[in-house]
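Visitor: My questions concern the predicted model and sequence given below.
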Amino acid sequence: MLTGELRSKIDNVWNAFWAGGIANPLEVIEQITYLLFMRGLDEAHTREENKANRLRKPIERRIFPTGKDKIGKNGGIAYEEMRWSRLKNRDPATMFEIVSEHVFPFLRSMAEADTAHATHMKGARFTIPTPALLAKVVDLLAEIPMEDRDTKGDLYEYMLSKIATAGQNGQFRTPRHIIALMVEMMAPGPKDMICDPACGTCGFLVAAGEYLRENHPKLFQEKESRDHFHEEMFHGFDFDGTMLRIGSMNMTLHGVDNPDIRYKDSLAQEHAGDSDRYSLVLANPPFAGSLDYETTAKDLLAVVKTRKTELLFMALFLKLLKPGGRAAVIVPDGVLFGSSTAHKEIRRMLVEDHRLDGIVKLPSGVFRPYAGVSTAIVLFTKTNSGGTDQVWFYDCQADGFSLDDKRTALLPSEKIGPRVKLGDQEQTKNNLPDVAARWKERNRAELKRPRTAQSFCVPKSEIAETGYDLSINRYKEVVHEATEHPPPKKLIAELKALEQEIADGLEELEGML
């Protein structure tokens, strides 16, 4: 988590942009991201140089070529002069000229080298208006430590929290601790092919990569598994160019060399090249209401005939997964109990045609202040042959933050998330570790839990009898405390005594008048 000092430094960067005339928060984060990426490229090149010196071999992966860029007078400038470590020591006017006239053309030309951010950098624009603002921002960013990937992730999360327009655009962020819970439950493995068809800034893919680094460090020891991690494992689609640029750079700065982050309107374009391809889907897609049939991919309508985006995304997840592939996706509550034919059909497919593993009802304030919609995590495995036996339900009531628009932390930062140890009192404020722990026991101890508990299992037959209703309240039992009442005769006697007392009081009052 970010320290107060680091937050203050980022705030200073943000305020410098606003004072310099850039008020669009999305443009601010885009320009900051470009500068951070320039710094990241320099650091990556330095690591390659150190490695080459240590092994006494030529540099394997040269980011900044030798020679000049041949732009402008005198045959251009040396690529070495474009490195962050050189630029930050330049005077403002020279720095501004190099960045605007040489660095950004270089970044755009890197697309030809088939780098991770290639396609998205073609549209990169340098919009910082003055040398003074650029110099100030570079000085402030130079003070921010970027040595470890955790800091970079927290930095992005904090910057994204400042995009106030995100909720209005349907691009509200998935909180990182909720992402961490879903990744923890899915437990990605070294051979997985992971996809987020509405990737935004690639939060799910980044978290999956960090999980693998922590839990499968040996995958980097062999070339085959290492290449798979960098080039074949991570796939993200989006149709917002800015988000794609930020997302691809986010992945690169988190140590994934060449992820597949590409432009695609997941609900409108056909999925011939992506069908039955992925072993794990992690997603929280935008749910923007309805689409016209004319703009909807025909292969999705073949799965479920509907205009509802939330149901079309469920059809998409099933389309993308290969048999045996699993998914953890966030859906609005309406998917769980909607009464339309399409709602019922998608739930029937999950239960009867595939294996529905679990439903985690999330607290209704998880996405505040961006949205107040009630949501749930749906966890399932694509089988094409059924397999649902018992469906595990969990009623998550607390995620470590207040459920109002302020979303105030209820616990210290080190006690928020799914991989922390909590006392009984603390657990009432953060259910996520309990969700992760009980998920692992869903086929054992959880089968014996009563319906009055926070988590329990429901047999497939019972779910089918309810018309495939998947709302937890349909199956949860509430214990009502028995209240003892005195017998009626005693109550009548007390009532008569009270009436007599009132009558005597009235007689006494009349005698006094």
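Guide: Received the coordinates, thanks.

Visitor: Stretch 340-358: end-to-end distance?
Guide: Stretch 340-358 has its terminal residues 22 Å apart, counting by CA to CA, to the nearest Å.

Visitor: List of residues touching it?
Guide: Outside stretch 340-358, the residues within contact range by CB atoms under 8 Å, 6 or more residues apart in numbering are 303-306, 308, 311, 314-315, 318, 326, 334-338, 377-388, 391-394, 439, 442, 460, 463-464, 467-470. The C-beta positions use only the backbone N, C-alpha and C, and glycine is treated the same way.

Visitor: Which ones among those residues map onto helices?
Guide: Members of those lying in helices (criterion: DSSP state H): 311, 314, 315, 318, 334, 335, 336, 337, 439, 460, 463, 464.

Visitor: re the thing from before, now which of the contacts of stretch 340-358 would you call buried?
Guide: 303-304, 306, 308, 311, 314-315, 318, 326, 334-338, 377-382, 387-388, 391-394, 439, 442, 460, 463, 468-470 (16 or more other CB atoms under 10 Å).

Visitor: in this protein, which helix has the most residues?
Guide: Per DSSP H, the chain has its longest helix at helix 25-55.

Visitor: helices or strands up against that helix?
Guide: helix 4-19, helix 84-87, helix 104-109, helix 131-142, helix 149-160, helix 241-253 (3 or more CB pairs under 8 Å, 6 or more residues apart in numbering; DSSP states H and E).

Visitor: Give me the pLDDT value at residue 237.
Guide: With respect to pLDDT, residue 237 has a value of 93.

Visitor: Determine the number of other residues adjacent to the nearest residue to it once chain neighbours are set aside.
Guide: The shortest distance from residue 237 to any residue other than its chain neighbours is 3.8 Å, reached at residue 264 (CB to CB, 6 or more residues apart in numbering). With neighbours defined by other CB atoms under 10 Å, the count for residue 264 comes to 19.

Visitor: Could you do residue 372 as well?
Guide: With other CB under 10 Å as criterion, residue 372 counts 13.

Visitor: Residue 403 now?
Guide: Neighbours of residue 403 (other CB under 10 Å): 17.

Visitor: Report the secondary structure state of the nearest residue to it once chain neighbours are set aside.
Guide: Spatial nearest neighbour of residue 403, chain neighbours left out: residue 365 (2.9 Å); criterion: CB to CB, 6+ apart. Here residue 365 takes the coil state, with states given by DSSP: H, G, I helix; E, B strand; the rest coil.

Visitor: for the longest helix of the chain, the distance to its chain's centre please.
Guide: Relative to the chain's own centre, helix 25-55 is displaced by 24 Å; criterion: CA atoms, centre = their mean, to the nearest Å.

Visitor: Surely residue 325 and residue 382 touch.
Guide: Yes. In this structure, residue 325 is within contact of residue 382 by CB atoms under 8 Å, at 5.0 Å.

Visitor: Check residue 476 and give its pLDDT.
Guide: Looking at residue 476, its pLDDT reads 94.

Visitor: now swap in residue 24 and tell me
Guide: Residue 24 is assigned a predicted lDDT (pLDDT) of 81.

Visitor: same thing with residue 242?
Guide: At residue 242, the model reports a pLDDT of 80.

Visitor: ok now do it, which residues does it touch?
Guide: 26, 30.

Visitor: hang on, isn't residue 228 packed against residue 190?
Guide: Yes. Using CB under 8 Å, residue 228 is in contact with residue 190, at 7.3 Å.

Visitor: So the one residue sitting closest to the centre of the chain versus residue 220, what's the distance?
Guide: Geometric centre of the chain, nearest residue: residue 174, 4.0 Å, by CA atoms, centre = their mean. To residue 220, residue 174 is 27 Å away according to CB to CB, to the nearest Å.

Visitor: Likewise for residue 8?
Guide: Computed as CB to CB, the residue 8 to residue 220 distance reads 35 Å.

Visitor: repeat for residue 349
Guide: 38 Å.

Visitor: With neighbour numbers in mind, choose between these two.
Guide: More neighbours surround residue 349 than the other of residue 349 and residue 220, with 18 against 15 (other CB under 10 Å).

Visitor: The more buried one should be in a helix, yeah?
Guide: Yes. According to three-state DSSP, residue 349 belongs to a helix.

Visitor: circling back: the residue nearest to residue 237 touches residue 236, doesn't it?
Guide: No. Assessed by CB under 8 Å, residue 264 is found out of contact with residue 236, at 9.1 Å.

Visitor: Find residues that contact each of these two.
Guide: residue 197.

Visitor: How about residue 21: what's its closest non-neighbour residue?
Guide: Spatial nearest neighbour of residue 21, chain neighbours left out: residue 129 (5.9 Å); criterion: CB to CB, 6+ apart.

Visitor: before we move on, back to that, buried ones in the longest helix of the chain, by neighbour count?
Guide: Those would be 25-26, 28-45, 48, for helix 25-55 by 16+ other CB under 10 Å.

Visitor: which intervals of this protein have sub-threshold pLDDT?
Guide: The model of the chain has pLDDT under 70 over residues 1-2, 111-119, 148-154, 156-157, 160-161, 163-172, 288-289, 480-483, 513.

Visitor: Just give the number of residues close to the closest residue to residue 136 other than its chain neighbours.
Guide: Nearest residue to residue 136, sequence neighbours excluded (CB to CB, 6+ apart): residue 16, at 5.1 Å. If you count neighbours by other CB under 10 Å, residue 16 ends up with 18.

Visitor: do the same with the one 5 residues further on
Guide: Other residues near residue 21 number 11, with proximity taken as other CB under 10 Å.

Visitor: tell me the SS of it?
Guide: coil.

Visitor: what's the answer for residue 434, then?
Guide: Residue 434 is classified as helix under three-state DSSP.

Visitor: Surely it touches residue 427?
Guide: Yes. Contact criterion CB under 8 Å: residue 434 and residue 427 qualify, at 6.0 Å.

Visitor: between those two, which one's more packed in?
Guide: More crowded of residue 434 and residue 427, by other CB under 10 Å: residue 434, with 18 against 15.

Visitor: in the stretch 301-450 of the chain, which spans are strands?
Guide: 321-332, 355-361, 375-381, 390-395 (DSSP state E, counting those that start in this stretch).

Visitor: Next one: the closest residue to residue 396 other than its chain neighbours from residue 486, what distance?
Guide: The shortest distance from residue 396 to any non-neighbouring residue, by CB to CB, 6+ apart, is to residue 431 (4.8 Å). Here residue 431 is placed at a distance of 40 Å from residue 486 (CB to CB).

Visitor: Who are the contact partners of residue 303?
Guide: By CB under 8 Å, 6+ apart, the residues touching residue 303 are 315, 318, 319, 349.

Visitor: Need the max-distance pair from the residues you listed.
Guide: Using CB to CB, these span at most 11.6 Å, a distance reached by 319 and 349.

Visitor: neighbours of the residue nearest to residue 21, just the number please.
Guide: When neighbours are counted by other CB under 10 Å, residue 129 registers 12.

Visitor: Hmm, it is touching residue 19, no?
Guide: No. Checked against CB under 8 Å, the pair residue 129 and residue 19 is beyond contact range at 11.5 Å.
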